[in-house]
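Student: any chance you could fold what I've pasted below:
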Amino acid sequence: MQGVYLIFDYFKEAFHINRKNKMLYTPQIVLIIIKLLMIIGVGTLAYLWVGGDQWHRFASQSVRPADLLSVLLTFGGGIIGISLTYIVATRIIEAGLYNMYKQCVVAGVVGSEDFWQGVNRYFVKFLLIDLLVILGWCFFAVFYVLIGIMTLSIGFAVVPMIIGIFLTMWKISLVMNDSGLFAALGDSLKFAKSNFIPLSLLQFVHWSFVGRFSNIGGGSGRNLFQWRGDGNTADMPRFDGWMPPNQNEIFETVVKVIRLGIVILVPVITIATAVAALVEMVFEVFFSLALFVAYQNGFKEPGQLLEKEVLA
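Tutor: Below you'll find the model as predicted:
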């Protein structure tokens, strides 16, 4: 249980390291800007597509095979391209940041050169780790589903958490020791086995804070454009048979409403994402530093804090 008590010391040390090294936030701010630009870009493409020739053909049900192929290539390829770009950008930021965390914990100071050094050393390795994790989940997917069913869905939540705890120190060990992928994996498993309870507690606190604040601005948006009727249906459009009498006019109105919705929703989503990402960034940096400190000390008494708390 001694390791559990030391978590508070690690939090304190992480706080002091964080306070001395504000440069840790710069890479994540760049990543947030990239994310916001992607949201704006997707919204802009959707705005331009709505009301175009393909939109008219889809609405009038006169769709040609070439139209379907064009939409799949345009939007499917665009989504894949944006997703891959964001994944690569995320791993670049993560590789640089992990080396910066290492320098903060080991040396107490960090510079911009440490970020690019981390990118050069660990970017490819981090991508390989993510690929191995995905392949592992694909391989054990059947067993995961069976465990979830046999445990009345409890396993669906518990199994990923347990696996996440045992893999917590994989990338940290790789960076701290400059080791290979599988050596770092073995070290992570060994570390989690030896310090399962305090590491689990630290990670649960980490996940609860990051998970809670990452949903800022979330919730259902189905009532944003909900029509509020007052019982008067005199002004509602009338339909004779299957088709309305002024189909083109109603179609143009629908286009304007959808475009207005895009114009309103894109800034709202962008602002909400920015606020959530900024808050999550603060907690992510803090808890990442705490994990590095915990790994360096092995949930044992730290030799000394990098900085003692100074009372004002």
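Student: quick check: which ranges of the stretch 1-150 of the chain have low pLDDT?
Tutor: Filtered on pLDDT under 70, the stretch 1-150 of the chain yields the residue ranges 1-3, 51-72, 74-75.
Student: I misspoke; the intended subject was the stretch 201-312 of the chain.
Tutor: Scanning the stretch 201-312 of the chain for pLDDT under 70 picks out 211-248, 301-312.
Student: going along the chain, name the helices of it.
Tutor: Assigned by DSSP state H, counting those that start in this stretch, the helices in the stretch 201-312 of the chain fall at 247-297.
Student: name the helices or strands packed onto the strand or helix carrying residue 135?
Tutor: In this structure, residue 135 sits in helix 112-139 according to DSSP states H and E. Judged by 3 or more C-beta pairs under 8 Å, 6 or more residues apart in numbering; DSSP states H and E, the packing partners of helix 112-139 are helix 77-106, helix 170-177, helix 181-194. Using the backbone N, CA and C atoms, a C-beta is placed for each residue, glycine as well.
Student: cutoff 6 Å now
Tutor: Applying 3 or more C-beta pairs under 6 Å, 6 or more residues apart in numbering; DSSP states H and E, we find helix 112-139 packed against helix 77-106.
Student: can you get me a residue count around residue 291?
Tutor: Residues contacting residue 291 under the criterion other C-beta atoms under 10 Å number 21.
Student: distance of the nearest residue to it once chain neighbours are set aside relative to residue 81?
Tutor: Setting aside the residues directly before and after it, residue 291 is nearest to residue 172 in space (C-beta to C-beta, 6 or more residues apart in numbering), at 6.1 Å. Using C-beta to C-beta, to the nearest Å, residue 172 is found at 31 Å from residue 81.
Student: these two - which one has more neighbours?
Tutor: A count of neighbours by other C-beta under 10 Å puts residue 172 above the other of residue 172 and residue 81, at 23 against 10.
Student: before we move on, the earlier item: hmm, the residue nearest to residue 291 is touching residue 293, no?
Tutor: No: shown here, residue 172 and residue 293 do not form a contact pair, counting by C-beta atoms under 6 Å, at 10.4 Å.
Student: after the helix holding residue 135, next one along is what?
Tutor: Going down the chain from helix 112-139, the next helix or strand is helix 141-150, by DSSP H and E.
Student: roughly how far is that following helix from the heart of the chain?
Tutor: 25 Å (C-alpha atoms, centre = their mean, to the nearest Å).
Student: which helices and strands does that helix pack with?
Tutor: helix 154-166.
Student: export the helix it packs on to CSV, keeping only CA atoms.
Tutor: Taking Å, rounded to 0.1, in the frame of the first residue of the first chain, the C-alpha atoms of helix 154-166 are listed here in CSV:
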residue,chain,number,x,y,z
ILE,A,154,-19.0,-6.5,-17.5
GLY,A,155,-16.0,-7.8,-19.4
PHE,A,156,-16.6,-5.4,-22.2
ALA,A,157,-15.5,-2.6,-19.8
VAL,A,158,-13.1,-4.4,-17.5
VAL,A,159,-10.9,-6.2,-20.0
PRO,A,160,-9.9,-3.0,-21.9
MET,A,161,-9.1,-1.3,-18.6
ILE,A,162,-6.9,-4.2,-17.4
ILE,A,163,-5.1,-4.4,-20.7
GLY,A,164,-4.6,-0.6,-20.7
ILE,A,165,-3.1,-0.8,-17.2
PHE,A,166,-0.6,-3.5,-18.3
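Student: switch to numbering from 40
Tutor: New numbering, starting at 40: the last item is helix 193-205.
Student: now do it against helix 220-233, angle only.
Tutor: 110 degrees (axes from the mean of the first three to the mean of the last three C-alpha atoms, to 10 degrees).
Student: other SSEs contacting helix 193-205?
Tutor: Judged by 3+ C-beta pairs under 6 Å, 6+ apart, the packing partners of helix 193-205 are helix 180-189, helix 220-233.
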